[in-house]
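# can't give you the sequence, but here's the structure:
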């Protein structure tokens with residue numbers, strides 16, 4: 001496991017005061033409202049339809065459609081010395097719509113894995129992504145004859161896997177060049193993290209690379225306030241129903257699980273709090289957070305199969 005970077009490292013940055021602050025109301029109000037709404041018998045798709053519990057923000061923005069794939073493709077080539085071809089995105093949410101961009105960049109086959117079907121069925125987002133690719137000088141697949149989402153994905157050489165880690169069994173071993181996720185791993189159930197990373201290691205090709213952006217902060221804008229709750233409460237059904245769940249693993253703990261799964265992980269960058277937050281009295285003792293991790297708001301990690 002790599003040592004944590006010192007606070008002065010050049011690839012560290014200090015988060016602004018309003019980073020991920022959320023609505024300007026007291027934290028306990030937001031938390032209570034979320035818990036109350038989570039107790040209502042409303043399906044997740046309906047919450048997303050009214051703008052709550054969305055998996056992807058600004059999904060239609062050209063930069064969101066193009067830039068993450070371009071930057072990861074460039075980083076892969078810089079690290080590995082050749083272009084990536086096969087691609088797996090974990091937890092894409094609505095960003096499955098950028099499948100035409102992936103195809104235009106030469107990725108194929110492409111897999112998407114998500115715990116629930118959150119990808120658009122309407123074809124407009126996919127056609128918009130194709131136009132973004134075309135405007136960038138790329139050649140996306142022709143989607144004009146497609147009438148369903150499944151036809152669009154087939155035209156892009158993409159497969160959408162919906163379910164848990166077991167879905168990765170559908171991907172041949174040693175076949176994926178590039179694996180990536182954006183603010184996803186922190187939402188994986190705590191006891192499911194090791195099986196997921198082990199399954200990702202199984203499908204990664206020799207010389208493959210995984211790139212993961214991970215948030216460690218409270219998702220209601222409370223810095224690390226969410227760490228104060230007991231595991232008995234936090235791992236229960238109320239937090240999950242409210243859409244508040246994250247596994248509360250610190251960066252060091254994440255790196256330990258990467259290593260145990262056969263993945264050698266390196267920190268690319270860290271977003272740091274200006275000072276260690278002390279809201280809520282600090283992490284619950286049962287979480288066994290390491291002191292250095294309490295300044296880390298978010299981080300980017302790359303991993304190779306050892």
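Nice, I can see it. All of these numbers come straight from a predicted model, not from anything done at the bench.

# any idea how far residue 224 is from residue 171?
In this view, residue 171 and residue 224 are 35 Å apart by Cβ to Cβ, to the nearest Å. Every residue, glycine included, has its C-beta placed from N, CA and C.

# ok, residue 246 - how many residues close by?
When neighbours are counted by other Cβ atoms under 10 Å, residue 246 registers 22.

# does it touch residue 184 like I think?
No - judged on Cβ atoms under 8 Å, residue 246 makes no contact with residue 184 at a distance of 10.3 Å.

# which helix or strand contains residue 243?
Assigned by DSSP states H and E, residue 243 falls within no helix or strand.

# tell me where the model's unsure across the stretch 1-150 of the chain.
Scanning the stretch 1-150 of the chain for pLDDT under 70 picks out 1-10, 42, 44-60, 62.

# strands of that one, start to end?
Per DSSP state E, counting those that start in this stretch, the stretch 1-150 of the chain carries strands over the ranges 12-14, 87-90, 110-114.

# could you dump these to TSV with mean neighbour count and distance to residue 132?
TSV is the format used below for the strands of the stretch 1-150 of the chain (neighbours: other Cβ atoms under 10 Å; distance: least, Cβ to Cβ, whole Å):
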stretch	mean neighbour count	distance to residue 132
strand 12-14	15	28
strand 87-90	26	17
strand 110-114	24	17
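
# is it possible to get TSV of those strands that adds distance to residue 36?
Output for these, formatted as TSV (distance: least, Cβ to Cβ, whole Å):
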stretch	distance to residue 36
strand 12-14	35
strand 87-90	30
strand 110-114	27
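
# what does stretch 111-124 contact?
Counting contacts by Cβ atoms under 8 Å, 6 or more residues apart in numbering, the residues outside stretch 111-124 that touch it are 44, 48, 55-56, 86-94, 96-97, 99, 126, 143, 146-149, 152, 158-164, 167-168, 171, 176.

# rerun that using 7 Å as the cut-off
Identification of contacts with stretch 111-124 by Cβ atoms under 7 Å, 6 or more residues apart in numbering yields 44, 48, 55, 88-94, 96-97, 146, 149, 152, 158-164, 167-168, 171.

# how long is that stretch end to end?
21 Å (Cα to Cα, to the nearest Å).

# could you do stretch 137-149 as well?
Stretch 137-149: ends 24 Å apart by Cα to Cα.

# just stretch 226-233 next, same as before
End-to-end distance of stretch 226-233 (Cα to Cα): 11 Å.

# I'd like the average pLDDT over it.
Here stretch 226-233 scores 95 as its mean pLDDT.

# kindly report the same for stretch 152-164.
Computed over stretch 152-164, the average pLDDT equals 98.

# okay, buried residues for it please.
152, 153, 155, 156, 157, 158, 159, 160, 161, 164 (16 or more other Cβ atoms under 10 Å).

# of these, which belong to strands?
The strands, defined by DSSP state E, take in 158, 159, 160, 161 from the buried residues of stretch 152-164.

# output these in CSV, with distance to residue 303 appended to each entry.
Output for these, formatted as CSV (distance: Cβ to Cβ, whole Å):
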residue, distance to residue 303
158, 23
159, 23
160, 24
161, 20
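
# show me where the stretch 51-200 of the chain has helices.
Here the stretch 51-200 of the chain has its helices, by DSSP state H, counting those that start in this stretch, at 62-80, 99-104, 124-135, 149-155, 193-203.

# where are the low-confidence patches of the stretch 151-300 of the chain?
The model of the stretch 151-300 of the chain has pLDDT under 70 over residues 279-280.

# mind listing what residue 275 touches?
Residues near residue 275 by Cβ under 7 Å, 6+ apart: none.
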